[in-house]
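S.K.: Predicted model follows, preceded by the sequence.
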Amino acid sequence: MNNDEHKYLFGFLLIKELTPAKLRLLLKTYSSAKTAWQNFDYDKLLAIGFDEQIIQSLIISQKTIDLEREWKTMFDEEIKMISYQDAEYPENLKEITSHPLALFYRGNISLLKEKQLAVVGTRKPTSYGAQVIEKFFPVLASAGLTITSGMAIGIDSLAHNAALQNNQKTIAVLGEGLCQKNLAQHSQRILAEKILQNNGLIVTEYPPFFKANRFTFPARNRIISGLSLGVLVVEASEKSGSLITAHRALEQNREVFTVPGNIFSNQSIGTNSLIKEGALPVTNPTDILLALNFKTVSIKNQEKINYEDEMEAKIHMLLDLQPIHIDQLSKKSGFDPIAVSAKISLMELKGLVRKVEGGMLIRG
């Protein structure tokens, strides 16, 4: 699509009363966005299903929008745009119902063509969820997957940060425009800067100054899943927005992976329900890679641990990603609590044990 077509498509996207379905119909009726913008035909639009109110809104908006100024402002904001007709537009996103007609972005647009895994979950992750991210991502990074998420507080931001820490590329899909003001007010503005500084990508379907609302987040979830080979849901409560992403993924014929969780944890109700619905439970990153048909994966074998004594070996064997109190650990191991406490201190120095909130312990 040439620059003129981009500009006029951009103009239509600025008209809030024009729904995506109506815009598709408009573009189908006319030969181009430019032709449609310059040649509104009242009777023609009425004939193809536009009601009078929408037609009047189009006419008024077309007269009141200073398209040249708005177009220049987008470039002044250093925001770029691609349309569904451009080579940079990912083919897998075109496959989904109601794919965006345009994408606005900052950063490395070539990432849209990379193999992606969407990672989503609760805004209130437990230490278990954080540990899953930490343990999975080195292996996912070695496989070359780009991580896509929504840059929200919680699992989203943990996923983006873990990707960056493992030299993995990452894409953030937002439910608002990418103007400097919106990004500056975003709760994860520092993360946004890190993503761009590390050759990542921030993308949206909304024009630069568009403000997020309660409808835009569910809408952007279809893009997160649509860009990806599959969606990994790490932790999710019963009404978590990440379940919307999972269901969109199923509708789009994408793989849905869920990490089984504690049946007594509110943050696992959603993920455990997804398993009942047919999502693939995963307990290690290789489960994901095998399901996505990654034939060769560079996975570092864990070095054999040389334990100092029987106590150290038994304590380490009893630890996993589920936090445990030192008293429970002492009881399970059969060793004296004081001796276990001293041993834990030494094991922390070796990286075999980690303390999490409340003084609980997990495997390092």
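M.R.: Sure thing, it's come through. Numbering: from 1, shown residues only.

S.K.: what's the span of stretch 33-50, first residue to last?
M.R.: 17 Å (Cα to Cα, to the nearest Å).

S.K.: how about E95, what does it touch?
M.R.: Counting by Cβ atoms under 8 Å, 6 or more residues apart in numbering, E95 touches 226, 252. For glycine as for every other residue, the C-beta is placed from the backbone atoms N, C-alpha and C.

S.K.: Q62 now?
M.R.: Q62 makes contacts with 11, 15, 37, 40, as judged by Cβ under 8 Å, 6+ apart.

S.K.: likewise T29?
M.R.: Counting by Cβ under 8 Å, 6+ apart, T29 makes contact with 36, 44-45, 48.

S.K.: quick one on the thing from earlier: which single one of the contacts of Q62 is nearest to K72?
M.R.: Using Cβ to Cβ, G11 is the member of the contacts of Q62 that sits closest to K72, with 12.8 Å.

S.K.: ok so, going back, can you list which of the contacts of T29 are found in helices?
M.R.: Among those, DSSP state H puts 36, 44-45 in helices.

S.K.: Of the residues you listed, grab the buried ones for PyMOL.
M.R.: Provided next is the PyMOL selection string for whichever of these are buried by 16 or more other Cβ atoms under 10 Å:
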select buried, resi 36+45
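
S.K.: tell me which of the ones in helices among the contacts of T29 is nearest to A184?
M.R.: Looking across the ones in helices among the contacts of T29 and measuring by Cβ to Cβ, the closest to A184 is A36, at 34.6 Å.

S.K.: ok, the closest one touching L26?
M.R.: Yes - counting by Cβ atoms under 8 Å, A36 touches L26, with 5.4 Å between them.

S.K.: returning to that earlier point: format the contacts of T29 as TSV; extra columns: distance to K135 and pLDDT.
M.R.: Conversion of the contacts of T29 to TSV gives the following (distance: Cβ to Cβ, whole Å; pLDDT from 0 to 100):
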residue	distance to K135	pLDDT
A36	52	90
K44	59	88
L45	56	88
I48	54	90
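
S.K.: And these, which two are furthest apart?
M.R.: Farthest pair in the contacts of T29 (Cβ to Cβ) is A36 and I48. Separation: 11.6 Å.

S.K.: which non-adjacent residue is nearest Y30?
M.R.: Closest residue to Y30 apart from its sequence neighbours, by Cβ to Cβ, 6 or more residues apart in numbering: A36 at 3.8 Å.

S.K.: Wasn't E68 part of a helix?
M.R.: Yes - per DSSP: H, G, I helix; E, B strand; the rest coil, E68 lies within a helix segment.

S.K.: That one - how many residues pack around it?
M.R.: Under the neighbour criterion other Cβ atoms under 10 Å, E68 is assigned a count of 10.

S.K.: do the one 3 residues further on as well
M.R.: W71 is flanked by 18 other residues according to other Cβ under 10 Å.

S.K.: Which helix or strand contains it?
M.R.: Element membership of W71, judged by DSSP states H and E, is helix 67-76.

S.K.: Can you give the contact residues for that helix?
M.R.: Contacts of helix 67-76 (Cβ under 8 Å, 6+ apart): 7-8, 10-11, 14, 37, 81, 104, 207-208.

S.K.: In helices, which of those residues appear?
M.R.: Using DSSP H, the contacts of helix 67-76 in helices are 7-8, 10-11, 37.

S.K.: of all those, which comes closest to G270?
M.R.: F10 (37.3 Å).

S.K.: so the closest one sits right up against P207, yeah?
M.R.: Yes - F10 lies in contact with P207 (Cβ under 8 Å); the separation is 7.0 Å.

S.K.: Redo the ones in helices among the contacts of T29 as a markdown table? Include distance to D66.
M.R.: As requested, these are exported to a markdown table (distance: Cβ to Cβ, whole Å):
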| residue | distance to D66 |
| --- | --- |
| A36 | 18 |
| K44 | 26 |
| L45 | 23 |
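
S.K.: any idea how far the closest residue in space to E251 that isn't next to it in sequence lies from L117?
M.R.: Sequence neighbours aside, T97 is the residue nearest to E251 in space, at 7.6 Å (criterion: Cβ to Cβ, 6+ apart). From T97 across to L117, the span is 22 Å (Cβ to Cβ, to the nearest Å).

S.K.: quick one, which of the two is more surrounded?
M.R.: More neighbours surround L117 than the other of T97 and L117, with 27 against 9 (other Cβ under 10 Å).

S.K.: The helix or strand where the more buried one lies: how far from the chain's middle?
M.R.: In this assignment (DSSP H and E), L117 forms part of strand 116-120. The chain centroid and the centroid of strand 116-120 are separated by 5 Å, computed with Cα atoms, centre = their mean, to the nearest Å.

S.K.: Equivalent analysis for stretch 184-193, please.
M.R.: The chain centre lies 15 Å from the centre of stretch 184-193; the measure is Cα atoms, centre = their mean.

S.K.: Quick one: end-to-end length of that stretch, please.
M.R.: 10 Å.

S.K.: Could you report the neighbour count for Y128?
M.R.: Residues near Y128, counting by other Cβ under 10 Å, number 21.

S.K.: helices or strands up against the helix or strand containing it?
M.R.: For Y128, the host element (DSSP H and E) is helix 127-142. Applying 3 or more Cβ pairs under 8 Å, 6 or more residues apart in numbering; DSSP states H and E, one finds that helix 127-142 contacts helix 155-165, helix 285-291.

S.K.: among those helices, where is the model least confident on average?
M.R.: Across the helices and strands packed on helix 127-142, helix 285-291 has the smallest mean pLDDT, namely a mean of 91.

S.K.: And that helix, what's buried?
M.R.: 285-286, 288-289.
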